[in-house]
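**Q** got a predicted structure here, sequence first:
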There are 2 protein chains.
Amino acid sequence: MKVKIDGKTVSYRNVWIEGETVNMIDQTRLPFEFRMHKTKNYRETAEAIRRMQIRGAPAIGVAASYGLAQAALEFEGLETKKFWEQMEDVAQEFLNTRPTAVDMHNMVARMLMAMKRAETPQQCVEIALNESQRIAEENAEACKNIGLLGRNLIKDGDGVLTHCNTGALGTVDYGTALSIIRFAHYQNKDFYVLATETRPWLQGRLTSWELTQEDIKHYVIADNAAGYYMKKGDVRIVLVGADRISSNGDIINKIGTYTLATLAHENKIPFVVAAPTTSIDLNQKAKDIIIEERDLKEITYLKGYNEEKKEFQIIKLYSTDQAKNPIFDITPAKYISKIVTENQIIEPPYNLKKQLNK
Amino acid sequence: MKVKIDGKTVSYRNVWIEGETVNMIDQTRLPFEFRMHKTKNYRETAEAIRRMQIRGAPAIGVAASYGLAQAALEFEGLETKKFWEQMEDVAQEFLNTRPTAVDMHNMVARMLMAMKRAETPQQCVEIALNESQRIAEENAEACKNIGLLGRNLIKDGDGVLTHCNTGALGTVDYGTALSIIRFAHYQNKDFYVLATETRPWLQGRLTSWELTQEDIKHYVIADNAAGYYMKKGDVRIVLVGADRISSNGDIINKIGTYTLATLAHENKIPFVVAAPTTSIDLNQKAKDIIIEERDLKEITYLKGYNEEKKEFQIIKLYSTDQAKNPIFDITPAKYISKIVTENQIIEPPYNLKKQLNK
């Protein structure tokens, strides 16, 4: 992704490993400070995921893969049986950090499978490092291909509505729905983006930051205003990501996605989902997934920037602690016009088990 | 309305006049501080409306009526022609403070009509004071009757979803949609309220504050979560207010109302609008009304409470100033199950010119 630093535009990845250290752009400081967060061991990496310093289904999957490599390095000296017990525990610890995203489950399972080819802990370290690198590369490549494949869905003059952050900051690079926006921009198309704020976490801040880095015309809107602009005719296409896609085409994504899909359907606006195939879960139905509810303080408090003091500050928004904070919802397949993966654009009726050509 | 002060429950109105002073509960300090804002002249009253220290269509209409009485007091000594010129200017100044609400237009027109019965400025002062008091009383009475008439729409065990603040804080007393909730609670019904935050102004803070004063069980939710709870079956009825109702039943209300109505329709949930007849505009169609767009800083900054320092603080949420801030939307009549006024419950098909029995 492009990042403007001191007037220069620099290429950056969202997350990578260097020696034993995982580097990630600290998303809790954006859009006000661009700063790397470095984790020296798997515990710090898991903590960074829990604290949402890194977020977005593919990004945390890759971070967890790197975390397993860190753990292998740390446990290298243990005797084999003990080593594997520890590795299993670490894998479970990562899976517990964020229960809903399927990418992490897939990537962690892939890491374990690869690592088990090793005969000794020492051999396993090399395999773990290589496999985590491969997972990261594949994600960056998949996101790039989503953008290249999907870019022609955006036409000159379009209003494009997007939700949450589906950018490079949620993946290794490029993003999913935002990759499509990025590559349409590289075609010199003239369009604008309406970026929903996405309460409670306001990931619209991240989207707006990424779009600013790329000089893509955009406006942040309250989640409440999405329907207004759809009805007014200012939105020609809605582009969102997905944390999980079921075989029948139902998706689990950031809270509010179902609302946008309903509004798009009502206003006859194409509603397009972009995600790498690693986000597809052929085994479970969306309705069987337990929706993650997070700390109520995410509703009742908010972090922002105090311009006078030039520091982050947390303010209280409510005098009550009576709140509810579900962070995903399920959007039924009937409202989804297309699903863009790195390999293909899938049209309804969805039967992904059959439609996926890997 | 009930207000808990130092462990006691006290009866309060939202706005009243005492001598030359208009008293209003300062809504920019709630829910953290309960404080009266007092305006000594019409300019301060207009400023309080602009600064949203008082808000809600009926409340600002009443405040403007009081403001006209304040102006009459101030201009009493002028010669008659000059007096009327000044009064016309003041009326226009109030109308300019918040362009969308119809109550203020109706109430200001009514004030001017009454005042013009006066033969001298001195006589006009008395008329203005009396008429503004009458307008306030009638609003309180209307809101009470909305509650009494509508309370049986809420059943035991219901989940009631509401948007924005439609409580006593938006009227003289009781509220509109929230009056229904209040009087259903007085019937000892067991139900709970889901109160949307209502970005950008977070009027859910006010709703939550009022419900807390009355010990009504409730939860604040992100606007994004409304669809989730409707689909989940946790919402049996949606109750909202209206800033304007057209003769055909279309309503103009807080941004996000159209979204909720669409979601309610989709999930076969009754969507009920509560408003006094002063909010009904038989002359203009909703689609001909220009939607007010407010300062973008309402999106990009947010005021809250710093618990450590025990003071209000404004934090910056976005690094961009590329935002859009429409504050009303239009909900088409086809999604509105009932309209509750102080006189009747109106059912579709709507033709309010015929259906209103005053």
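**A** Arrived safely, thanks for sending.
**Q** A strand includes A:I49, no?
**A** No: under DSSP: H, G, I helix; E, B strand; the rest coil, A:I49 sits outside any strand and is assigned helix.
**Q** quick one: residues contacting it.
**A** A:R55, A:I60, A:A63, A:A64, A:F94, A:T97, A:R98 (CB atoms under 8 Å, 6 or more residues apart in numbering or on different chains). The way it works is simple: take the backbone N, C-alpha and C, and place the C-beta from them, glycine included.
**Q** name the nearest residue to it, ignoring sequence neighbours.
**A** A:T97 (4.4 Å; CB to CB, 6 or more residues apart in numbering or on different chains).
**Q** same deal with A:I290?
**A** A:P99 (7.1 Å).
**Q** now swap in A:I180 and tell me
**A** A:G150 (3.7 Å).
**Q** likewise A:E266?
**A** B:T262 (5.2 Å).
**Q** these two touch, right, A:D173 and A:E138?
**A** No: between A:D173 and A:E138 there is no contact under CB atoms under 8 Å: 11.4 Å.
**Q** got the buried residues for the longest helix that chain A contains?
**A** Taking DSSP state H as the criterion, chain A has its longest helix at helix A:121-150. Buried residues in helix A:121-150, counting neighbours by 16 or more other CB atoms under 10 Å in any protein chain shown, are found at A:121, A:124-125, A:127-129, A:131-133, A:135-136, A:138-140, A:142-147, A:149-150.
**Q** okay, A:R205 and chain B: tell me how far apart.
**A** A:R205 is 6 Å from chain B, where distance means CB to the nearest CB, to the nearest Å.
**Q** ah, wrong one, I meant A:T277
**A** For A:T277, the distance to chain B - CB to the nearest CB - is 26 Å.
**Q** then A:H185?
**A** 15 Å.
**Q** likewise for A:T176?
**A** 19 Å.
**Q** near that residue, how many other residues are there?
**A** 32 (other CB atoms under 10 Å in any protein chain shown).
**Q** and it, how far from A:G56?
**A** According to CB to CB, to the nearest Å, A:T176 stands 9 Å off from A:G56.
**Q** which neighbours do those two share?
**A** A:T166, A:G170, A:G241.
**Q** give me the number of residues near A:D215?
**A** Number of residues near A:D215 (other CB under 10 Å) recorded here: 11.
**Q** which SS class is it?
**A** Applying three-state DSSP: A:D215 is coil.
**Q** what pLDDT does it get?
**A** pLDDT for A:D215: 96.
**Q** what about the helices in the stretch 151-300 of chain A?
**A** A:177-186, A:204-213, A:226-232, A:257-266, A:297-300 (DSSP state H, counting those that start in this stretch).
**Q** before we move on, the earlier item: which of the contacts of A:I49 are buried? Put it as a PyMOL command.
**A** Remark: buried members of those, expressed as a PyMOL selection using 16+ other CB under 10 Å:
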select buried, chain A and resi 55+60+63+64+94+97+98
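**Q** of the contacts of A:I49, which is the nearest to B:M24?
**A** A:R55 (42.4 Å; CB to CB).
**Q** buried set for stretch A:173-187?
**A** A:173-185.
**Q** among the residues you listed, which two are most distant?
**A** A:D173 and A:A184 (16.8 Å).
**Q** low-confidence ranges, the stretch 1-150 of chain A, go.
**A** By pLDDT under 70, the weakly predicted segments of the stretch 1-150 of chain A are A:101.
**Q** can you give me the strands for it?
**A** Under the criterion DSSP state E, counting those that start in this stretch, the stretch 1-150 of chain A contains strands at A:2-5, A:8-11, A:15-18, A:21-25, A:36-39.
**Q** next one: the last one to chain centre, how far?
**A** Just to be clear, that refers to strand A:36-39. On the basis of CA atoms, centre = their mean, to the nearest Å, strand A:36-39 is displaced by 18 Å from the centre of the chain it belongs to.
**Q** what residues of it count as buried?
**A** A:H37, A:T39.
**Q** hmm, A:E74 is touching A:Y42, no?
**A** Yes: between A:E74 and A:Y42 there is a contact at 6.8 Å, judged by CB under 8 Å.
**Q** neighbour-wise, which of those two wins?
**A** More neighbours surround A:Y42 than the other of A:E74 and A:Y42, with 26 against 17 (other CB under 10 Å).
**Q** who's in contact with the more buried one?
**A** A:G67, A:L68, A:Q70, A:A71, A:E74, A:V90, A:E93, A:F94.
**Q** mind doing that once more with 7 Å?
**A** A:Y42 makes contacts with A:G67, A:Q70, A:A71, A:E74, A:V90, as judged by CB atoms under 7 Å, 6 or more residues apart in numbering or on different chains.
**Q** widest-spaced pair of those?
**A** A:G67 and A:E74 (10.4 Å).
**Q** and A:D234, how far is that from A:A184?
**A** 17 Å.
**Q** meant to ask about A:H37, not that
**A** 31 Å.
**Q** A:P348 contacts A:G249, correct?
**A** Yes: contact criterion CB atoms under 7 Å: A:P348 and A:G249 qualify, at 6.5 Å.
**Q** more neighbours: these two, which one.
**A** Counting neighbours by other CB under 10 Å for A:P348 and for A:G249 shows that A:G249 has the greater number, 23 against 14.
**Q** got the phi and psi for the spatially most central residue of chain A?
**A** In chain A, the residue lying closest to the centroid (CA atoms, centre = their mean) is A:G56, at 2.3 Å. The phi/psi pair for A:G56 (degrees, to the nearest 10) reads phi 100, psi 130.
**Q** how far does the longest helix of chain A sit from the chain's center?
**A** That offset, for helix A:121-150, works out to 15 Å (CA atoms, centre = their mean).
**Q** ditto for stretch A:137-152
**A** Distance, centroid of stretch A:137-152 to centroid of chain: 14 Å (CA atoms, centre = their mean).
**Q** outside of that stretch itself, list whatever touches it.
**A** With CB under 7 Å, 6+ apart as the criterion, stretch A:137-152 contacts A:58, A:62, A:171-176, A:179-180, A:182-184, A:187, A:274, A:276, A:340-342, A:345.
**Q** one more: stretch A:183-190?
**A** A:G147, A:L148, A:R151, A:I154, A:D156, A:G157, A:F191, A:E214, A:I216.
**Q** mean confidence score for it?
**A** 98.
**Q** gap between the two ends of that stretch?
**A** 12 Å (CA to CA, to the nearest Å).
**Q** test my guess that A:N325 contacts A:I299.
**A** Yes: contact criterion CB under 7 Å: A:N325 and A:I299 qualify, at 5.2 Å.
**Q** any residues in contact with both of those two?
**A** A:P200.
**Q** these two - which one has more neighbours?
**A** Taking other CB under 10 Å, A:N325 and A:I299 do not tie; A:I299 has more neighbours (25 against 22).
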